[in-house]
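> sequence? don't have it. structure:
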């Protein structure tokens, strides 16, 4: 049995929020450049675009649970540092090749790196804050800072790519990611976590077993995991094909498309910030996570349908704005808060990793299928399939009694 000794420490929230913003800036900045690079420089086919995401998600699926248990057993802080090193190197490597196989390997590397951070960051701040009355609001505020940081990263990456090229932008974002690892090593504390020093394998096995038991028997966690798997069966196609779809309906393939995608991304992120600002003050109420989760999924359904059948570029932009800017800002934030609220400290990173695994399983299965549909029929049909999966998730959550407001 591992015991934690609680000691009074300075408020960890400011450091956590600044790290969140900077981390998101490098992540979004890389993502913008990479998505356009895959289409314009590497000239990948729709199925290849989806397979890149599938390779990433397979890596996440395989590594998510072991790295989550490592964080719960040895150190959340060290796990986050390792993540930054691996992801930083992978980000930079993408810009050095247009070979499809090598690009697949870079996605595998950054997928493994991501799992070292997935769940560990939420577990770290929850334990270091040690204040159940604040954590829901802090996590919602964290998502706002993440979006604001993302807007800064999009702007910086877009300007850099415009002034130089996409390769330079990705290398710079990878370097920033590496530097952030030093930020975590120097400024993150770990006062309220005691690592396992004896019988580590047995303790890790016990933590994993306890996490599985909780995920299976807590109806609300089980519901979120099922809905997450279903949602992400459609999400991968949207993430990988929206650039292709927008270019098909009018975005230029030349003349610096990075500028337009940067503006679209920034406007979407700012809309997500406003939505999360509204949710932050209300998410602690009973039944609120379920209600806001359904709102986010409903927006994803509408936005994806509009994007799929947009008659022109402006309608396509509007659909992208709704699904990626607002809907997909709300859904993962509320899912994280909902699960974290119901998870004890000793298995927190592990259970958050289950959430990551649900995302990966959905994206692998749905991503390959919808990528094949896009390749052999048309991108709008694949995106319509995504909207159908979002609708199924909406039905699952709306019909379940788990998480409903208890009648007075």
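Thanks, I have the structure now. Only a predicted model underlies this, so the values are computations on that prediction, with no experimental measurement involved.
> give the other helices and strands that whichever strand or helix holds residue 64 contacts.
Residue 64 belongs to helix 46-73 when assigned by DSSP states H and E. Packing partners of helix 46-73 (3 or more C-beta pairs under 8 Å, 6 or more residues apart in numbering; DSSP states H and E): helix 13-40, helix 76-94, helix 100-117, helix 120-129, helix 200-217, helix 219-248, helix 348-376. (Glycine included, C-beta is placed from N, CA and C.)
> which residues sit against stretch 145-153?
Contact partners of stretch 145-153, identified using C-beta atoms under 8 Å, 6 or more residues apart in numbering, comprise 17-18, 20-29, 32, 173, 265-266, 269-270, 272-273, 276, 329.
> my bad, should have said stretch 169-178
Contacts of stretch 169-178 (C-beta under 8 Å, 6+ apart): 22-23, 25-27, 29-30, 32-34, 37, 84-85, 87-96, 153, 157, 160-161.
> buried ones in stretch 130-141?
130, 135-141 (16 or more other C-beta atoms under 10 Å).
> filter the contacts of stretch 169-178 to the buried ones?
22-23, 25-27, 29-30, 32-34, 37, 84-85, 87-95, 153, 157, 160-161.
> rewinding a little: buried residues, the helix holding residue 64. List them.
The neighbour-count check on helix 46-73 (16+ other C-beta under 10 Å) flags 46-65, 67-73 as buried.
> ok, back up a step: worst average pLDDT in the helices and strands packed on helix 46-73?
Averaged per stretch, pLDDT over the helices and strands packed on helix 46-73 is lowest on helix 200-217, reaching a mean of 70.
> got a list of what residue 328 touches?
235, 272, 296, 300.
> got the angle between the helix or strand harbouring it and helix 219-248?
Take DSSP H and E as the rule and residue 328 turns out to sit in helix 328-341. Helix 328-341 and helix 219-248 meet at an angle of 160 degrees, taking axes from the mean of the first three to the mean of the last three C-alpha atoms, to 10 degrees as the criterion.
> let me see the mean pLDDT of helix 328-341.
So the average pLDDT for helix 328-341 ends up being 89.
> and it with helix 348-376, angle?
150 degrees.
> okay, now residue 217: neighbour count?
Using other C-beta atoms under 10 Å, residue 217 is surrounded by 9 other residues.
> repeat for residue 295
17.
> would you mind giving the secondary structure of it?
Using DSSP: H, G, I helix; E, B strand; the rest coil, the structure places residue 295 in helix.
> got the contact list for it?
Counting by C-beta under 8 Å, 6+ apart, residue 295 has contacts residue 330.
> buried ones in stretch 323-343?
So stretch 323-343, judged by 16+ other C-beta under 10 Å, has buried residues 323-341, 343.
> ignore the last one, stretch 371-391
Quick answer for stretch 371-391 (16+ other C-beta under 10 Å): 371, 373-375, 379-380, 382-391.
> right, and the pair among those with maximum separation?
375 and 391 (23.3 Å; C-beta to C-beta).
> run a quick neighbour tally on the residue lying closest to residue 44 once chain neighbours are set aside.
Distances taken as C-beta to C-beta, 6 or more residues apart in numbering put residue 38 closest to residue 44, at 5.0 Å, once the chain neighbours are dropped. Counted by other C-beta under 10 Å, the residues lying close to residue 38 total 22.
> ok, residue 265 next?
Residue 265, neighbours per other C-beta under 10 Å, totals 26.
> and the gap between it and residue 91?
Distance, residue 265 to residue 91, by C-beta to C-beta, to the nearest Å: 17 Å.
> residue 177 now?
For residue 177, the distance to residue 91 - C-beta to C-beta - is 6 Å.
> now do the residue nearest to residue 313 when sequence neighbours are not counted, the pLDDT please.
Leaving aside its sequence neighbours, residue 313 sits nearest to residue 250 (C-beta to C-beta, 6+ apart; 3.0 Å). Listed pLDDT for residue 250 reads 81.
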